[in-house]
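[1] below are the sequence and a predicted model; questions follow.
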Amino acid sequence: MDEKMKFVARILEGEKMAPLCREYGISRKTGYKLFERYKDEGLQGLTDRSRRPHRYANQLPIQIEKAILRIKHDKPNWGAPKIRELFKRKYPELQLPSKSTIHTILDKNGLVKHKRKRHGYKAQGTPLSTPKHPNVLGCADYKGEFMLGNRRYCYPLTITDFSSRYLLACEGLYTTKEPYAFGVFERVFKEFGLPHMMRTDNGVPFSSPHALFGLSRLSVWWLRLGIHLERIEPGKPQQNGRHERMHLTLKKEATKPTGHNLLQQQEKFDAFIQEYNYERPHQALDMRVPAEIYKASTRPYLGLPELEYPFHDQAIMVTNCGRICVRSKKIHLSGVLAGQKIGLKEVNDQIWLVSFMDYDLGYFDEEERKFQPLDNPFGAKVLPMCPV
């Protein structure tokens, strides 16, 4: 069980806060903060680790895997079905693996020839802005992972305000998977309000390399909240230079030495946030601290607004597998839009325009059932340069 869950469970069982905090090596302030988060958000507020099982259902003993590889070596042109049949004859006393498990073993060892894939979305940057006021542009990234004292890796998710350099969040996570980032951003938006734009790189979970326009479920959620997307060019972290400079300071002051576990490390992060925002002067701010400049956004987080398409012929939901259904015909759109309402407009006989919010995504031919995307509509927008 994750340290956070263990800690809260023991509080709920009646243990005292002070001795429990001493046992975990954290302050009572951190302990009470964690318990308050549990009371506000339930277990979801504590869940920072992956749900990946410790053992996969198709993971075999090494001896069986070696036997499968020996058969493949002797029969290099055989696929999983034939290898499975020969395995059954040679080793009748052993449990017979499924064809999919054998195929996975072959693929893992580079023994499967893959068909040449079509090239999908190529990651690229968008125009970048330089706003002068807080809450126009937020920046987010994961600081490089590092190992804690308990031999588990920590992935700090950091969020800053571009103009004031105010550090909105530094949350230690056990994974960069998308579901865990949602909780961090939601807490930040509830506390500080919404920015107009968010700048990130093209990595997971901010972008999906094989999805439509490189979108991810996280970036689609931002769009639904009225947050436009800015992306730096691949291989150019200097385009998010202010944020990267903060990471250097974070590494020096909050990770050497590291905490023994995620709770202890988060306490270091919380202390760094306090010092960075309220005590550490910045030369670029005329030696002021970020808290002297930053003010919470006037755009409160109120959840997702309802989508309406009054100028389209119809509005339909994208299925969980990323498809839309028109006149009993299924057209694949994108899995990252699953559960989202889109607008359809028939612009010609059986030719439909597909829109999401105020963005035109592309067209599909009802007869061919093939979606053809337009140019990426999700570049950064020109926003009024006034205080917000």
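    That came in fine, so what should we check first? Small disclaimer: the values here were computed from a predicted structure and weren't measured.
[2] what's the pLDDT at Asp270?
    Note on Asp270: pLDDT of 96.
[3] my read is that it contacts Ile26, right?
    No: look at Asp270 against Ile26 with CB atoms under 8 Å: they stay out of range, at 9.9 Å. Just so you know, the C-beta spots here come from the backbone N, C-alpha and C atoms, and that holds for glycine as well.
[4] so for these two, which sits in the more crowded spot?
    Comparing Asp270 with Ile26 by neighbour count (other CB atoms under 10 Å), the higher total belongs to Ile26, at 25 against 19.
[5] residues in contact with that one?
    Residues in contact with Ile26 (CB atoms under 8 Å, 6 or more residues apart in numbering) are Leu263, Gln264, Glu267.
[6] can you pull out the low-pLDDT segments for the protein?
    1, 43-44, 47-60, 114-121, 380-388 (pLDDT under 70).
[7] which residue ranges make up the domains of it?
    62-108, 124-292, 314-373 (automatic domain parsing).
[8] with distance to Glu41 added, can I get those domains in TSV?
    Formatted as TSV, these follow (distance: least, CB to CB, whole Å):
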stretch	distance to Glu41
domain 62-108	37
domain 124-292	8
domain 314-373	22
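[9] quick one: closest of those domains to Gly42.
    domain 124-292 (11.0 Å; CB to CB).
[10] how far is that closest one from where the chain is centred?
    12 Å (CA atoms, centre = their mean, to the nearest Å).
[11] contacts only, for the closest residue to Glu279 other than its chain neighbours.
    Excluding its sequence neighbours, the residue lying closest to Glu279 (CB to CB, 6 or more residues apart in numbering) is Val289, at 6.5 Å. With contact set as CB under 8 Å, 6+ apart, Val289 has these partners: Asn277, Tyr278, Glu279, Arg280, Pro281, His282.
[12] ok, so what distance separates the second one from Lys29?
    Right, the one you point to is Tyr278. 15 Å (CB to CB, to the nearest Å).
[13] picking that back up, from the contacts of Val289, list just the buried residues.
    Buried subset of those (neighbour count, 16 or more other CB atoms under 10 Å): Asn277, His282.
[14] ok, so of the contacts of Val289, who is nearest Thr298?
    For the contacts of Val289, the nearest to Thr298 is Asn277 (19.8 Å; CB to CB).
[15] packing partners of the longest helix seen in the chain?
    Secondary structure of the chain per DSSP state H: the longest helix is helix 262-278. Of the remaining helices and strands, those touching helix 262-278 by 3 or more CB pairs under 8 Å, 6 or more residues apart in numbering; DSSP states H and E are helix 3-12, helix 28-41, strand 153-161, strand 167-173, helix 241-254.
[16] would you mark the buried spots in the helix or strand just after it?
    Once the chain leaves helix 262-278, the next helix or strand it forms, by DSSP states H and E, is strand 314-317. For strand 314-317, the neighbour count (16+ other CB under 10 Å) marks no residue as buried.
[17] what's the spacing between Ile342 and Leu304?
    With CB to CB as the criterion, Ile342 and Leu304 are 15 Å apart.
[18] more crowded one of the two?
    Ile342 (21 against 11).
[19] surely that one is in a strand?
    Yes: secondary structure of Ile342 (DSSP: H, G, I helix; E, B strand; the rest coil): part of a strand.
[20] excluding chain neighbours, what is closest to it?
    Phe356 (5.1 Å).
[21] what's opposite the one you found in the beta bridge?
    Assessed by DSSP bridges, Phe356 has beta-bridge partners Tyr359.
[22] that one reaches Ser334, doesn't it?
    No: using CB under 8 Å, Phe356 makes no contact with Ser334, being 9.6 Å away.
[23] so which of those two has more stuff around it?
    Neighbours per residue, other CB under 10 Å: of Phe356 and Ser334, the larger number sits with Phe356, 24 against 21.
[24] who's in contact with that one?
    Contacts of Phe356 by CB under 8 Å, 6+ apart are Leu223, Leu337, Gln340, Ile342, Gly343.
[25] show me what contacts the spatially closest residue to Lys236 that is not a sequence neighbour?
    Excluding its sequence neighbours, the residue lying closest to Lys236 (CB to CB, 6+ apart) is Gly125, at 7.3 Å. Residues near Gly125 by CB under 8 Å, 6+ apart: Arg231, Ile232, Glu233, Pro234, Lys236, Gln239.
[26] just to revisit the earlier point, as TSV, the contacts of Val289 with distance to Gly193 would be great.
    Listed next are the contacts of Val289 as TSV, based on distance: CB to CB, whole Å:
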residue	distance to Gly193
Asn277	16
Tyr278	19
Glu279	24
Arg280	24
Pro281	25
His282	22
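[27] on that earlier part again, nearest to Asp2, of the domains of the chain?
    Between those, domain 124-292 lies closest to Asp2; by CB to CB that is 7.5 Å.
[28] buried residues, stretch 101-115. List them.
    Buried-residue list, stretch 101-115, by 16+ other CB under 10 Å: Thr101, Ile102, His103, Thr104, Ile105, Leu106.
[29] partner residues bridging Lys330?
    Residues in beta-bridge contact with Lys330 (DSSP bridges): Cys325.
[30] sorry, back to before: same list (the contacts of Phe356) but as a markdown table, adding distance to Arg299.
    Formatted as a markdown table, these follow (distance: CB to CB, whole Å):
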| residue | distance to Arg299 |
| --- | --- |
| Leu223 | 14 |
| Leu337 | 24 |
| Gln340 | 21 |
| Ile342 | 24 |
| Gly343 | 24 |
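[31] looking at these, which two lie furthest apart in space?
    Leu223 and Gly343 (14.3 Å).
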